[in-house]
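Trainee: what's the 3D shape of this:
(2 chains)
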Amino acid sequence: MAVTPTYVPLGTIELASTDSEIVFSSIPATYRDLILVFNGTGSTNAGYIVNFNSNTTGYTRVGMVGDSGGASSFAESNAAWLEVSTNRSMTILQVMDYSATDKHKTVLSRTEVSGTFVMALAGRWANTAAVTSISLYRSGATFSSGSTFSLYGVN
Amino acid sequence: MLLLGVLQAQAAGAVGAGSFDLLETQVLTSAAASVTFSSLSTYAADYQHLQIRIAVRASGSANFENLFMRLNSDTGSNYARHVLIGNGSSVSSSASSSQSTINLGPVPAGNAQASGIFGAAVIDILDPYETKNKTIRTLFGKHSPTGGETFVGLSSGLWMNTTSLTTVLLYPEFAAGFLTGSRFSLYGIKAGS
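Mentor: All right, here's what the predicted structure looks like:
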């Protein structure tokens, strides 16, 4: 039975200095899912914004987080899907069916912030357009030097 | 701002010998009561683990449905499950044993939902071909503006059977089935040499 090798690296960025915004552009519609792996730090402890196709509307998220104080859950109308901290944080963010044009885009992610918390998050972009670019940023904040961002495509 | 263009030619060139392979995909062109992957034995020689990635929406009048999994058509009370779930206001956990199926977690359903809303799950089936009980772990979630059916969660499932895996059946708990557009992809992860 024919199989298709996948989990294809599309691009990796390692910051040589601080940067306020990371963009993966010209993402081909060749795959079904995208997987973004972040490993790094930032200038503040906050959810950084993940926008698709330079569109800033239609984003929601629901998350659950566990830390030394217990577990909690939240639901919000924003695209703060990437938790960044002054402590090292790692996130694997999966954009399901990013190239489909009959679905809103659903995102699943898991984040660990060293010594601070663990989080799972589901997000939705209420838009059926295929994702062709991903922007990562937070107003007034930066990603730190040494942070890495890797994007993969999964058929 | 650092911008990285992803060129299709680069992406295509990056495909090499696979350790994570797409084995099968089912995208529903009409509603279906269930989805089955029935050729799993053909992959036993090449893969150590399996993963199922889904974007799914069930039919029915409820706002969500639990997604069930049954292995090798075993209808006995041989499954167990733990779940940790957040619904936007609180986090809860539960456990169940002696079940006749694995409850992977809720997925969106129903006509009350806006069109285009699908839930997602990434399901790892660990060591499906080894002579040990089968462990399944799932990350699932979806956010919807309708009602209180927003959730994200982690679940683990156990099938207390050491038989090599041959089939996986996925179906909604109560609804008639899955809606058109629902997608189910099966992947194989190779072992190290």
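Trainee: so what's the nearest residue to A:Ser99 once chain neighbours are set aside scoring on pLDDT?
Mentor: The shortest distance from A:Ser99 to any non-neighbouring residue, by CB to CB, 6 or more residues apart in numbering or on different chains, is to A:Ala29 (4.0 Å). C-beta here means a position set from N, CA and C on the backbone, and glycine is covered the same way. Predicted confidence (pLDDT) at A:Ala29: the value is 96.
Trainee: count of neighbours near A:Ala29?
Mentor: 14 (other CB atoms under 10 Å in any protein chain shown).
Trainee: same check, this time on B:Leu139
Mentor: B:Leu139: 22 neighbours (other CB under 10 Å).
Trainee: Pairing partners for the residue nearest to it when sequence neighbours are not counted in the sheet, please.
Mentor: Closest residue to B:Leu139 apart from its sequence neighbours, by CB to CB, 6+ apart: B:Val122 at 5.0 Å. Taking DSSP bridges as the rule, B:Val122 bridges to B:Arg53, B:Leu139.
Trainee: again, but for B:Val91
Mentor: Counting by DSSP bridges, B:Val91 is bridged to B:Gly86.
Trainee: next one: stretch A:17-30 to chain centre, how far?
Mentor: Centroid separation for stretch A:17-30 versus its chain: 11 Å, with CA atoms, centre = their mean, to the nearest Å.
Trainee: Show me what counts as buried in it.
Mentor: For stretch A:17-30, a neighbour-count test (16 or more other CB atoms under 10 Å in any protein chain shown) marks A:Asp19, A:Glu21, A:Ile22, A:Val23, A:Phe24, A:Ser25, A:Ser26, A:Ile27, A:Pro28 as buried.
Trainee: which residues does the second one contact?
Mentor: Remark: with contacts taken as CB atoms under 8 Å, 6 or more residues apart in numbering or on different chains, A:Glu21 is in contact with A:Ser135, A:Leu136, A:Tyr137, B:Met1, B:Leu2.
Trainee: hang on, the earlier thing: quick check: the residue nearest to B:Leu139 vs B:Ser59, distance?
Mentor: According to CB to CB, to the nearest Å, B:Val122 stands 23 Å off from B:Ser59.
Trainee: How many neighbouring residues does A:Ser68 have?
Mentor: A:Ser68, neighbours per other CB under 10 Å, totals 7.
Trainee: distance of it from chain B?
Mentor: Separation of A:Ser68 from chain B (CB to the nearest CB, to the nearest Å): 15 Å.
Trainee: Got the confidence number for that residue?
Mentor: 94.
Trainee: Identify the residue nearest the most centrally placed residue in chain B in space, chain neighbours excluded?
Mentor: By CA atoms, centre = their mean, chain B has its centre lying nearest to B:Ile123, at 4.3 Å. Leaving aside its sequence neighbours, B:Ile123 sits nearest to B:Ile52 (CB to CB, 6+ apart; 4.3 Å).
Trainee: contacting residues around B:Trp144?
Mentor: Not quite, residue B:144 is Ser, not Trp. A:Arg124, B:Asn63, B:Pro108, B:Gln113, B:Ala114, B:Ile117, B:Thr150.
Trainee: Chain B versus the most centrally placed residue in chain A, what's the distance?
Mentor: Note on chain A: the residue nearest the mean C-alpha position is A:Leu93, at 4.6 Å, using CA atoms, centre = their mean. Per CB to the nearest CB, A:Leu93 is found 11 Å from chain B.
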